[in-house]
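1. Quick one, structure for this:
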Amino acid sequence: MARYDQNLKASRSTSSVVRDAPVTVTATEAKTRFGPLLEGAIQGRTVVITRHNTAKAVLLPMAEYEALTARRTPDL
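-> Okay, here's the model as predicted:
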């Protein structure tokens, strides 16, 4: 939980012009603090979820997801 709070404070202290760095949390932290993490994603913050020190999933704003999936070309 402390790493999330430190990353959150660091991202708030940077200029809003520069895109915030992703917040990294463990799977346990993500489960425990899902509400605040979801609110962060809604506000534009990307959250990397790790398990055993390896990135396994990402929680990102819907606009970013739509931009990523729109770039895909359909399989022919």
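
2. Just the terminal-to-terminal distance for stretch 40-47.
-> 8 Å (CA to CA, to the nearest Å).

3. Likewise for stretch 26-45?
-> Counting by CA to CA, you get 16 Å between the two ends of stretch 26-45.

4. Now it: buried residues?
-> 26, 29-30, 33, 37, 40-41, 45 (16 or more other CB atoms under 10 Å). From N, CA and C alone the C-beta is placed, and that goes for glycine too.

5. Next: stretch 50-61.
-> 50, 59-60.

6. rewinding a little: now, the buried residues of stretch 26-45 that are in strands?
-> residue 26 (DSSP state E).

7. Just say helix, strand or coil for residue 63.
-> Classification of residue 63 by DSSP: H, G, I helix; E, B strand; the rest coil places it in helix.

8. and the gap between it and residue 48?
-> 18 Å (CB to CB, to the nearest Å).

9. Of the two, which one has the most company?
-> residue 48 (17 against 9; other CB atoms under 10 Å).

10. Which strand residues bridge that one?
-> In this structure, residue 48 bridges to residue 24, residue 58 when assessed by DSSP bridges.

11. if I pick it, what's in contact with it?
-> Neighbouring residues of residue 48 by CB atoms under 8 Å, 6 or more residues apart in numbering: 22-25, 55, 57-58.

12. What is the most widely separated pair among those residues?
-> Pairwise distances across the contacts of residue 48 peak at 12.9 Å for 23 and 57 (criterion: CB to CB).

13. Any idea which helix or strand in the protein has the lowest mean pLDDT?
-> One helix or strand of the chain scores below all others by mean pLDDT, DSSP states H and E: helix 2-13, with a mean of 52.
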